[in-house]
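Visitor: fold the following for me, if possible:
(2 chains)
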Protein chains: 2
Amino acid sequence: MSNVIIGQSGGPTAVINSSLAGAIKAAKIRGIPKVYGMHYGIEGFLNDDIIDMDDYLHDLNDLSLLKRTPAAFLGSCRYKLPDVEGNEAVYERIFSLLEKYDIEYFLYIGGNDSMDTIKKLHDYARATGKRQKFMGVPKTIDNDLPITDHCPGYGSAAKFVATSMDELIADNESFGGGAPRICVVEIMGRNAGWLTAASVLSHNSDCTGPDLIYCPEVPLDLNNFVTRVQDLAKAKKSVVIAVSEGLTTSDGTLVCDLNNDHEFVDAFGHKQLSGCGRVLANLVANETGYKTRAIEFSLLQRCSTHLASRADLDEAYNVGFIACDEALKGESGRMVVLLVRHREPYVCDYQTVDVHEVANLEKKLPLEWITNDGTYVSKDFVEYASPLIIGTVMPYYAAGIPKHMSVKYSKINK
Amino acid sequence: MSNVIIGQSGGPTAVINSSLAGAIKAAKIRGIPKVYGMHYGIEGFLNDDIIDMDDYLHDLNDLSLLKRTPAAFLGSCRYKLPDVEGNEAVYERIFSLLEKYDIEYFLYIGGNDSMDTIKKLHDYARATGKRQKFMGVPKTIDNDLPITDHCPGYGSAAKFVATSMDELIADNESFGGGAPRICVVEIMGRNAGWLTAASVLSHNSDCTGPDLIYCPEVPLDLNNFVTRVQDLAKAKKSVVIAVSEGLTTSDGTLVCDLNNDHEFVDAFGHKQLSGCGRVLANLVANETGYKTRAIEFSLLQRCSTHLASRADLDEAYNVGFIACDEALKGESGRMVVLLVRHREPYVCDYQTVDVHEVANLEKKLPLEWITNDGTYVSKDFVEYASPLIIGTVMPYYAAGIPKHMSVKYSKINK
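Guide: Numbers count the residues shown, from 1 in each chain, chains lettered A, B, ... in the order given. Take a look at the predicted model:
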């Protein structure tokens, strides 16, 4: 029997290693001799930088610890494979490395950009008659992969956003005297509002939820924004606003570009979006004189495995397992998707779809779920997202902080 | 028997309500008829805005839920009592309100500024022959109250900082290709480095800990800062730096003042310190061209009760209980302090001290615990802080997020 290799790509999530654990488990159950990991994704693989998972995983304790480990255990990358034409050497190198380690099954855990890698490698393999199978494992806190009901990683990020929003609102409400306190909370998600919308899940019998929710699917009118905040501040001392990092004004300008900080573009051509909340908080402060504060959940929303959703962690494991299992059955060029049979009671099933239908494509928050002139989200969204944040995963604590799997690579080629 | 009133003042902590719960419990055990809460501290009390705790706490379940509720349940304030001379009316109003509700015991949960309130009321009461007793309950994530070994609220904030730093470092280490990634993490603590120093507690067998730690006790040399980061970035792809919000340069300028955002000063005369991390991240980006990111833990570090330290939550409860108990025994003008008998095994005892010895005073991180030319902290600090973050407090989860006590006031005077 030939071997399996697994890679992780793009921004990590709180449960990306649970997918890795699931894929490894499936391979082991099927008697695969060697499960390799790409160190830093396809970029590392091109440098022949791979590890043997047997060096890290010795028993079920290790597998459980891996599931509780934040960030990309294998290391990640934002490397986009070039088109084949004119870059045949890159593809030849990849397939010669695959043969060198007798690897027939190639799994890649990532989002819409990373699925482009699966697509290109599958297409090349079919065009050139190679034996390798390529399967995609969905992963993104942005929740913007098409076809699948939702994406592993989103539920845990949503749980972090809802929990932190709940705690923040309580804090902001602590001060009743003096001027109103305006808190603008910036949430990730790039061009999609899924994660920002999840701030509404903080609303329950003991928390009002945010007062306003701005998703990037609707352009932001800056004047209207200030007016809305002013109106709220006349009625209550604490105003908390959730804004997406990817908000734009009606002419398409990113709100975060209205600041003057340093800017970077990643290898996929994406800008580091950051600062939208600060721009809006400063705007409110300047226009109204209210005490304002900008808060960015920043990387915490994607790496807080201590607050992972049990539903999400289990689904992440399952998609990893199923992707590997399907590859071993001979499937290729496909990605696992989640199909929700019922939301209440919650029943989720799995299928695979042609990776050409998902690579490089974005699924945005449906406009009909954005309400109140673009300043809130609907009950349909709440019904959609609620099951995804259910359940807790207790970390293993040592000396007061969560224990993780140690990432000290004994690279097999170094 | 006369009644008890309790207030909360200053910035909330993750466990400030545990102190409230402890004080209520002590009063109930001693048969106090009514336990009142000041709605928004002494500022609210002056407006006759008080609540009856019996309206909220009906059994032990409620008390446990209160201990798990973030932010100031009663509402807080940053109101500084004026000196008596020329402001006799303020004091007369306070004592007439105390008599109106037959309140003999006044407990105030707060930090060094809030203890000024206890000091002034106690001194006024003794000077004018009033019967009331005034006791202080220590609380601050800054950990800067004198005499006490440490302050309730600090352990939970330290646990949040250590845990989040561990998770962030894993995330920042996920990318191995390309240019180094510099992450500057801004941590609260005002003029004291206690909380920033706690970032070192992320260091263990599976985490390197931050690469550099800058506390405000040592002035920052901006050029040296950039050089240190550059040197690190030559050796490793991920560089994570913990910086205190209160960092200054050698001429006393706050680093956060080197930005141009809106600024506010609170009623205690304190500026909202924020932006130091951003200033330093921008400096590194401009000087080196590295990919940098500034992260502010912001209010999350003081309101994340879901990650409270069990040791801290229990001590917060105990100081509330003991303060009430001592007041009922006739003590006044004092604050409870924690005395650590042994750090290993950890044994903590309690005493009270004259509030004149703590009000308005700050205790900073000892300079001998700051090492490596002001860029790290010592093992003595680790030994000091480690016991304070031990143990977890499971939230009560409902619909995937922590349940809190609802703050819907039925004010007794409204």
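
Visitor: mind showing which ranges of the stretch 1-150 of chain A have poor pLDDT?
Guide: The model of the stretch 1-150 of chain A has no residue with pLDDT under 70.

Visitor: again with the stretch 201-350 of chain A
Guide: The model of the stretch 201-350 of chain A has pLDDT under 70 over residues A:260-272.

Visitor: helix, strand or coil for whichever residue of the stretch 1-150 of chain A sits closest to chain B?
Guide: Residue nearest to chain B within the stretch 1-150 of chain A: A:Ala71 (3.6 Å; Cβ to the nearest Cβ). To be clear about C-beta, it is placed using only N, CA and C from the backbone, and glycine gets the same treatment. A:Ala71 falls in the coil class when you classify it by DSSP: H, G, I helix; E, B strand; the rest coil.

Visitor: can you get me a residue count around the closest residue to A:Met405 other than its chain neighbours?
Guide: Nearest residue to A:Met405 in three dimensions, chain neighbours excluded: A:Thr69, at 4.3 Å (Cβ to Cβ, 6 or more residues apart in numbering or on different chains). A:Thr69 is flanked by 28 other residues according to other Cβ atoms under 10 Å in any protein chain shown.

Visitor: quick revisit: now the residue of the stretch 1-150 of chain A closest to chain B, what are its backbone angles?
Guide: Taking degrees, to the nearest 10, you get phi 70, psi 180 for the backbone angles of A:Ala71.

Visitor: thought B:Phe175 was touching it, still the case?
Guide: No. Applying Cβ atoms under 8 Å, one finds A:Ala71 not in contact with B:Phe175, separated by 9.7 Å.

Visitor: looking at those two, which is more packed in?
Guide: Comparing A:Ala71 with B:Phe175 by other Cβ under 10 Å, the one with more neighbours is A:Ala71, at 29 against 25.

Visitor: just to revisit the earlier point, measure the residue nearest to A:Met405 to A:Lys159 for me?
Guide: Here the criterion is Cβ to Cβ, to the nearest Å. By it, A:Thr69 lies 17 Å from A:Lys159.

Visitor: now check stretch A:124-139, is it near chain B?
Guide: No. Stretch A:124-139 lies out of reach of chain B by Cβ under 8 Å from any Cβ of the partner chain, never closer than 12.5 Å.

Visitor: for that stretch, list the C-alpha coordinates in CSV.
Guide: What follows is stretch A:124-139, C-alpha atoms only, in CSV (Å, rounded to 0.1, in the frame of the first residue of the first chain):
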residue,chain,number,x,y,z
TYR,A,124,-2.3,17.9,-13.8
ALA,A,125,-2.3,14.3,-12.6
ARG,A,126,-5.3,13.3,-14.8
ALA,A,127,-3.8,15.1,-17.8
THR,A,128,-0.5,13.3,-17.4
GLY,A,129,-1.8,9.9,-16.2
LYS,A,130,-0.4,10.0,-12.7
ARG,A,131,-1.8,7.6,-10.1
GLN,A,132,-2.1,10.2,-7.2
LYS,A,133,-5.4,11.2,-5.6
PHE,A,134,-6.0,14.7,-4.3
MET,A,135,-8.7,15.6,-1.8
GLY,A,136,-9.6,18.9,-0.2
VAL,A,137,-10.6,19.3,3.5
PRO,A,138,-12.6,22.5,4.1
LYS,A,139,-11.3,24.9,6.7
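
Visitor: contact partners for the residue of the stretch 1-150 of chain A closest to chain B?
Guide: Counting by Cβ atoms under 8 Å, 6 or more residues apart in numbering or on different chains, A:Ala71 makes contact with A:Pro12, A:Ile16, A:Asn17, A:Cys303, B:Glu167, B:Ala170, B:Asp171, B:Glu173, B:Ser174.

Visitor: tell me the contacts of the third one?
Guide: If I follow you right, that is A:Asn17. Counting by Cβ under 8 Å, 6+ apart, A:Asn17 touches A:Leu66, A:Lys67, A:Thr69, A:Pro70, A:Ala71, A:Ala72, A:Phe73, A:Met405.

Visitor: okay, the one helix or strand the first one maps to in CSV with CA atoms only?
Guide: Element membership for A:Leu66, per DSSP states H and E: helix A:60-67. Taking C-alpha atoms only, helix A:60-67 is exported to CSV below (Å, rounded to 0.1, in the frame of the first residue of the first chain):
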residue,chain,number,x,y,z
LEU,A,60,-4.9,8.1,21.5
ASN,A,61,-3.7,10.6,24.1
ASP,A,62,-1.5,12.2,21.5
LEU,A,63,-4.4,12.3,19.0
SER,A,64,-6.6,14.0,21.6
LEU,A,65,-3.9,16.5,22.4
LEU,A,66,-3.4,17.3,18.7
LYS,A,67,-7.2,18.1,18.5
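
Visitor: export whichever helix or strand comes after it as PDB, just CAs?
Guide: Proceeding N to C from helix A:60-67, the next assigned helix or strand is helix A:88-100, under DSSP H and E. C-alpha atoms of helix A:88-100 as PDB (Å, rounded to 0.1, in the frame of the first residue of the first chain):
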ATOM      1  CA  GLU A  88       6.000  22.400 -15.700                       C
ATOM      2  CA  ALA A  89       9.100  22.000 -13.600                       C
ATOM      3  CA  VAL A  90       7.200  22.900 -10.400                       C
ATOM      4  CA  TYR A  91       4.600  20.100 -11.100                       C
ATOM      5  CA  GLU A  92       7.300  17.600 -12.100                       C
ATOM      6  CA  ARG A  93       9.100  18.300  -8.900                       C
ATOM      7  CA  ILE A  94       5.900  17.800  -6.800                       C
ATOM      8  CA  PHE A  95       5.200  14.500  -8.500                       C
ATOM      9  CA  SER A  96       8.800  13.300  -8.300                       C
ATOM     10  CA  LEU A  97       8.700  14.000  -4.500                       C
ATOM     11  CA  LEU A  98       5.400  12.100  -4.300                       C
ATOM     12  CA  GLU A  99       7.000   9.100  -5.900                       C
ATOM     13  CA  LYS A 100      10.100   9.400  -3.800                       C
END
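
Visitor: in helix A:88-100, what's buried?
Guide: Within helix A:88-100, the residues scored as buried using 16 or more other Cβ atoms under 10 Å in any protein chain shown are A:Val90, A:Tyr91, A:Ile94, A:Phe95, A:Leu97, A:Leu98.

Visitor: off-centre distance for stretch A:101-119?
Guide: 17 Å (Cα atoms, centre = their mean, to the nearest Å).

Visitor: mind checking the end-to-end distance for that stretch?
Guide: Using Cα to Cα, to the nearest Å, the end-to-end distance of stretch A:101-119 comes out at 22 Å.

Visitor: now stretch A:32-43
Guide: For stretch A:32-43, the first-to-last residue distance is 24 Å (Cα to Cα).

Visitor: buried ones in it?
Guide: Neighbour count says stretch A:32-43 has A:Ile32, A:Lys34, A:Val35, A:Tyr36, A:Gly37, A:Met38, A:His39, A:Tyr40, A:Gly41, A:Ile42, A:Glu43 buried, by 16+ other Cβ under 10 Å.

Visitor: noted, bye for now.
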